[in-house]
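S.K.: Give me the fold of what follows.
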Amino acid sequence: MTERIFFDNAATTRLDPEVLEVMLPLLTEHYGNPSSIHGHGRVARTFLEKSRKKVAEILNASPSEIFFTSGGTEADNTAILCSVETFGLRHAITSSLEHHAVLHTLEHLQKIGKIAVSMVQTDHLGHIDVAHLEELLRTKPRSLVSLMHGNNEIGNLIDLQIVGDLCAQYDAIFHSDTVQTMGHFRHDTQQLKTHFLVGSAHKFHGPKGVGFLYMKGGTKINPFMHGGAQERNMRGGTENIYGIVGMTKALEISYRDMAAHTQHIMALKTRMIEQLTEHIDDVRFNGDSANVEGSLYTVLNVSLPPSELNDMLLFNLDIAKISASGGSACSSGTNIGSHVLGALNLDPTRANVRFSFGKYNTTAEIDYAVKVLAEMFNRVEA
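M.R.: Numbering: from 1, shown residues only. Take a look at the predicted model:
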């Protein structure tokens with residue numbers, strides 16, 4: 001392979017050329033502040049509200065339910081912190097497998113005495129114990145429930161409908177971090193009983209630094225960011241117009257081409273599972289990621305046999321021009337162990353690598369990556 005291979009699409013994705021095309025005029029021509037009342041500002045405002053309307057249309061929501069943010073982390077923080085403050089919540093339910101945007105926020109609230117946090121039990125594959133969730137809700141019905149739709153490390157999915165029904169039954173506020181599934185699965189807000197969903201553009205081939213929060217109508221919370229009347233008094237700060245327009249186009253493309261991209265990426269994931277199983281002894285797959293039909297199809301978390309190579313695995317893959325991750329997307333550049341894999345009590349002598357796929361990946365790239373791994377481990381065995 002002469003070019004680098006990117007298998008870290010759960011961390012970020014390559015910008016779609018169609019997205020860049022719609023962003024450029026906002027960078028060079030339509031650069032007004034959407035809060036300004038003059039002509040330049042009114043043009044920018046038009047782009048902003050057209051984007052809001054389109055995102056709402058895609059999610060079968062109302063434009064008044066869409067709030068633009070700097071990304072998924074801000075959207076998660078807004079939903080959690082402002083729900084606790086506005087509704088006077090004293091208890092939250094989450095899992096040990098959540099993204100740090102959720103876990104660290106809830107840990108902070110617990111540390112300063114705002115809430116108590118309960119962890120819903122999970123099985124050895126990382127599946128949520130729905131019966132335990134109901135038990136927690138029965139004990140403390142007016143809770144904040146924060147459970148991610150698709151896990152960014154092991155690809156496990158929760159059933160939003162089942163969890164939403166339970167939350168409705170026990171008068172709970174339901175927030176789901178949908179960063180990994182937004183743009184890859186269809187979300188119909190009229191069918192779901194979620195109070196909050198989130199999106200981050202760079203996870204579905206849009207620009208970095210922009211996202212959105214869906215807030216169900218009637219779920220009025222206080223602002224998270226103060227300092228201006230933007231976003232209908234919900235988020236101070238000038239809107240990232242070119243980012244918002246780019247994100248909207250990226251989401252539109254993802255829904256337009258979802259069937260084809262899903263089929264393509266599922267085929268890549270299936271091929272990697274089959275090839276790894278055939279060419280490397282004792283290869284395993286963490287969580288539910290090898291369940292191609294029933295997991296986040298963009299993620300495959302591979303457990304490799306004990307070897308002296310394990311400490312340098314990602315480094316050696318990088319030398320072979322393969323970009324992958326050993327942990328979560330937001331810590332892929334660090335040596336900190338994965339809290340998600342730690343929660344599964346995996347064998348510490350085995351190396352774990354997350355391959356995450358996108359629409360630009362190819363079968364040839366899959367074959368090359370498997371060849372490199374097989375050569376590494378078979379050479380050590382020999």
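S.K.: Okay, domains of this structure per the record?
M.R.: 5-14+257-381, 17-256 (automatic domain parsing).
S.K.: residue boundaries of the helices in the stretch 101-250 of the chain?
M.R.: Remark: helices assigned in the stretch 101-250 of the chain by DSSP state H, counting those that start in this stretch are 130-139, 160-169, 230-233, 241-256.
S.K.: Among those helices, which comes closest to residue 74?
M.R.: The minimum distance between residue 74 and the helices of the stretch 101-250 of the chain falls on helix 230-233, with 11.5 Å, by Cβ to Cβ. Just so you know, the C-beta spots here come from the backbone N, C-alpha and C atoms, and that holds for glycine as well.
S.K.: what's the spacing between that closest one and its chain's center?
M.R.: Centroid separation between helix 230-233 and its chain, computed with Cα atoms, centre = their mean, to the nearest Å, is 25 Å.
S.K.: how about the CA coordinates for that helix, as CSV?
M.R.: Presented in CSV, the C-alpha positions along helix 230-233 are these (Å, rounded to 0.1, in the frame of the first residue of the first chain):
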residue,chain,number,x,y,z
GLN,A,230,-28.4,33.0,20.0
GLU,A,231,-30.2,29.7,19.4
ARG,A,232,-33.4,31.2,20.8
ASN,A,233,-31.6,32.2,24.1
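S.K.: Go through it and flag the buried ones.
M.R.: For helix 230-233, burial by neighbour count (16 or more other Cβ atoms under 10 Å) applies to 230-231.
S.K.: Could you do stretch 84-103 as well?
M.R.: Under the neighbour-count criterion of 16+ other Cβ under 10 Å, stretch 84-103 has 84, 89, 91-95, 97-99, 101-103 buried.
S.K.: and if you look at stretch 297-306?
M.R.: Within stretch 297-306, the residues scored as buried using 16+ other Cβ under 10 Å are 297-305.
S.K.: The stretch 51-200 of the chain: strands as residue ranges?
M.R.: 66-69, 91-94, 116-119, 144-146, 173-176, 196-200 (DSSP state E, counting those that start in this stretch).
S.K.: In CSV, list the ones you listed along with mean pLDDT.
M.R.: Formatted as CSV, those follow (pLDDT from 0 to 100):
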stretch, mean pLDDT
strand 66-69, 98
strand 91-94, 98
strand 116-119, 98
strand 144-146, 98
strand 173-176, 98
strand 196-200, 98
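S.K.: could you dump these to a markdown table with distance to residue 162?
M.R.: Output for the strands of the stretch 51-200 of the chain, formatted as a markdown table (distance: least, Cβ to Cβ, whole Å):
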| stretch | distance to residue 162 |
| --- | --- |
| strand 66-69 | 25 |
| strand 91-94 | 14 |
| strand 116-119 | 18 |
| strand 144-146 | 12 |
| strand 173-176 | 11 |
| strand 196-200 | 16 |
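S.K.: Identify whichever of those lies nearest to residue 152.
M.R.: Short answer: strand 196-200, nearest of these by Cβ to Cβ, at 10.8 Å.
S.K.: returning to what we had before: between the buried residues of stretch 84-103, which is nearest residue 315?
M.R.: residue 99 (25.1 Å).
S.K.: That closest one and residue 178 touch, don't they?
M.R.: No: at 10.9 Å, residue 99 and residue 178 do not qualify as touching, with contact defined as Cβ atoms under 8 Å.
S.K.: what do those two both touch?
M.R.: Listed as contacting both residue 99 and residue 178 by Cβ atoms under 8 Å, 6 or more residues apart in numbering are residue 148.
S.K.: Quick check: longest helix in the chain by residues?
M.R.: helix 258-279 (DSSP state H).
S.K.: returning to that earlier point: out of the domains of the chain, name the one with the poorest average pLDDT.
M.R.: Among the domains of the chain, domain 5-14+257-381 has the lowest mean pLDDT, at a mean of 90.
S.K.: From the chain's centroid, how far away is it?
M.R.: 17 Å.
S.K.: measure the residue nearest to residue 71 when sequence neighbours are not counted to residue 246 for me?
M.R.: Residue nearest to residue 71 in three dimensions, not counting chain neighbours: residue 211, with 4.1 Å by Cβ to Cβ, 6 or more residues apart in numbering. According to Cβ to Cβ, to the nearest Å, residue 211 and residue 246 sit 12 Å apart.
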